[in-house]
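Novice: give me a model of this one.
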Amino acid sequence: MEKIKQWKNFEFKNNPFEDKNIEQIKNKLKCLDNIVKIEEIIQLKQLLSSECLVLQMGECAETFNFSDYKYIKNKYEFLIQCGLIIQNKIINENKVMNIIKIGRIAGQFAKPRSDEKEIVDNKEILTYKGDIINHININKRKYNPYNMIKAYNIGKKIYKYLQNIKNNITFDNKFLQTINKSKNNSFKKKFFQIDINKIDKNKLLNFYTSKESLLLDFEESLTRHINGLYYNVSTHLLWLGNKNCFIGSSQIEYLKNVENPIGIKISETKKIEDIIVIIKTINPNNEKGKILLIIRINNENINQYLKELILAIQKHNINVIFSVDPMHGNTEKIANIKTRKVEKIEENILKFMEILNKYNIISKGIHLETSSSFVSECIYDEILDKKKFLQKRYITYCDPRLSPDMTIDIINKYL
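Specialist: Residues are numbered from 1 along each chain as shown. The predicted structure is shown next:
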């Protein structure tokens, strides 16, 4: 396992634990059961190597408190509904594609932050970095490595809930009514006209988990060495966040050694030649299904940057799937409230799709931060009193999420 520990010799960010008990905690984690199955990791990579459309969505940051069975069931059913919309559209267009549903779930407990500290009530305190690191309560911001044990237990619990929910679904018209989160009457009518007899139930209900690779003490501890290969068994897919996407990053050193599929988030601040080096470092054998390039670029820059990136990828004959994160590059403040406009998100996706179609790229993906219940964190531009709307139910711990209606509008319109 020495190979998987080499990340410590590289530059790392957002790895806060220097506690004297950290090794003891890591040793305990190393003895625990896998959260996900290795055969599922292999299966996901195989699916990603086919002609596919990837739907990756879920919370900006999961929290320990919101992990009960009912809450997880609601999230799973919403993911399946969105997958069903896409799958039905593919069938109606007589296309043959794998629809791969990946949740930001069962482990997305850490968040990278730009600042180590913030000012609250004229007092400087540590920034909240996710429940695996510290607490949202301003009086409990001290970093606590024992949260890693709690994150493991809750992640495993959520994964078991998901498996149980999946295995006990009766797939019929009543199920369609249960999972429909839209309030749009015309969409509801269209949704209930779906011919469930044409839908492959097993493919529809299948799902995978994902999270950002951030807290490497945790990731290392949940890495298993099987038949000469390393697998991160805390999740199916890990992604490299934009803040850690640089040559010499400890995250890259870790990720290049694991067999899991890897997402790489890319903004316009990254040099394309560096991205090529990073991809080749993580995927030296140019495996199909290994790399998901997640483009998180604002509307002003996406056209030029993405075209140049595609040309560079094609020049080097690199196997990747292009996915779009239309939210992070289009974040703004209204009345000093962090938000995202649905129209800008839709514009970003449309530009992304147009460019990929121009270069005849078939497999593609979309990466959204969503809630499975109503929130007022993102906004339609047509809303007149934006401040009043945003204050209605703005409950995110980190970034603003799409409400179910917004998510359905986006998926139904552009995929």
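Novice: give the closest residue to Ser213 in space, chain neighbours not counted.
Specialist: Counting by C-beta to C-beta, 6 or more residues apart in numbering, the nearest residue to Ser213 once its immediate chain neighbours are dropped is Leu238, at 4.2 Å. Just so you know, the C-beta spots here come from the backbone N, C-alpha and C atoms, and that holds for glycine as well.
Novice: any chance you could list what contacts the helix or strand hosting that neighbour?
Specialist: Using DSSP states H and E, the element containing Leu238 is strand 237-240. Outside strand 237-240, the residues within contact range by C-beta atoms under 8 Å, 6 or more residues apart in numbering are 44, 102, 208-213, 219, 232, 249, 251-252, 255, 258, 260-265, 278, 282, 292, 294.
Novice: does anything pack onto whatever helix or strand comes next after that strand? Which helices or strands?
Specialist: The first helix or strand that comes after strand 237-240 along the chain, using DSSP H and E, is helix 250-255. Helix 250-255 sits against helix 216-221, strand 237-240, helix 272-282, with contacts defined as 3 or more C-beta pairs under 8 Å, 6 or more residues apart in numbering; DSSP states H and E.
Novice: helix 272-282 and the very next helix or strand once past helix 250-255, what's the angle between them?
Specialist: Downstream of helix 250-255, the first helix or strand assigned by DSSP H and E is strand 262-266. Here strand 262-266 runs at an angle of 170 degrees relative to helix 272-282 (axes from the mean of the first three to the mean of the last three C-alpha atoms, to 10 degrees).
Novice: give me the mean pLDDT for strand 262-266.
Specialist: Taken as a whole, strand 262-266 has an average pLDDT of 97.
Novice: that one: how far from the chain's middle?
Specialist: Centre-to-centre, strand 262-266 and its host chain are 10 Å apart (C-alpha atoms, centre = their mean, to the nearest Å).
Novice: name the residues that touch it?
Specialist: Contacts for strand 262-266 (C-beta under 8 Å, 6+ apart): 56, 210, 237-242, 245, 255, 275, 278-279, 282-283, 290-297, 309, 323, 325, 328, 367.
Novice: now, of those, which are buried?
Specialist: 56, 210, 237-242, 245, 255, 275, 278-279, 282-283, 290-297, 309, 323, 325, 328, 367 (16 or more other C-beta atoms under 10 Å).
Novice: and Ile119, that one's in a strand?
Specialist: Yes - assigned with DSSP: H, G, I helix; E, B strand; the rest coil, Ile119 falls within a strand.
Novice: what does the pLDDT read for the residue lying closest to it once chain neighbours are set aside?
Specialist: Spatial nearest neighbour of Ile119, excluding adjacent residues (C-beta to C-beta, 6+ apart): Ile125 at 7.9 Å. Predicted confidence (pLDDT) for Ile125: 91.
Novice: list of residues touching the helix or strand encompassing Ile125?
Specialist: Per DSSP H and E: Ile125 is located in strand 123-126. Residues outside strand 123-126 that contact it (C-beta under 8 Å, 6+ apart) are 116-119, 134, 138, 141-143.
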